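In: Sharing a model that was predicted from the sequence below.
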Amino acid sequence: MRIVCKCGHKGKIRDSKELSPDFVTIYGQCLDVHCGHTWVAHLTFSHTLSPSAQTFDRLLLDRLRGLPRAKQRELFDQLGSQAVA
Ligand SMILES: [Zn+2]
């Protein structure tokens, strides 16, 4: 991904933090040594133009696999207790 400094020179992404699958914080740095500007930008999901070809089940499984084991267990425990109730 190309980023540009407010001075007009190319910048680079020094770091990024994915706060959620739809929201990423980007730490930018100007490559012009005479500028030295560093900044924070956000990359966010906006809206769908065409829905994913993957099935809902597939998307859900991929999402669950990305969670820590403890969180997966917590979710399955909640599902189990709701099924009994
Ligand atoms: Zn700059």
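Out: Yes, it's here.

In: can you list contacts of the longest strand along the chain?
Out: The residue-count maximum for a strand in the chain (DSSP state E) belongs to strand 10-20. Outside strand 10-20, the residues that touch it by Cβ atoms under 8 Å, 6 or more residues apart in numbering are 1-5, 24-32, 37-38, 43. (Glycine included, C-beta is placed from N, CA and C.)

In: hmm, 7 Å instead?
Out: Defining contact as Cβ atoms under 7 Å, 6 or more residues apart in numbering, one finds that strand 10-20 is touched by 1, 3-5, 24-31.

In: Within reach of the ion, which of those are there?
Out: Of the residues in these, proximity to the ion by Cβ under 5 Å from the ion holds for 5, 30.

In: just the contacts of strand 10-20: which has the poorest pLDDT?
Out: Of all the contacts of strand 10-20, residue 1 carries the smallest pLDDT score, 86.

In: For residue 63, give its distance to residue 31.
Out: In this view, residue 63 and residue 31 are 36 Å apart by Cβ to Cβ, to the nearest Å.

In: Just want to know which of those two has more residues nearby.
Out: Taking neighbours as other Cβ atoms under 10 Å, residue 63 and residue 31 compare with residue 31 leading, 14 against 10.

In: just to revisit the earlier point, show me how far the longest strand of the chain is from its chain's centre.
Out: Relative to the centre of its chain, strand 10-20 is centred 10 Å away, using Cα atoms, centre = their mean, to the nearest Å.

In: Kindly report the same for stretch 56-72.
Out: Between the centre of stretch 56-72 and the centre of its host chain there is 15 Å, according to Cα atoms, centre = their mean.
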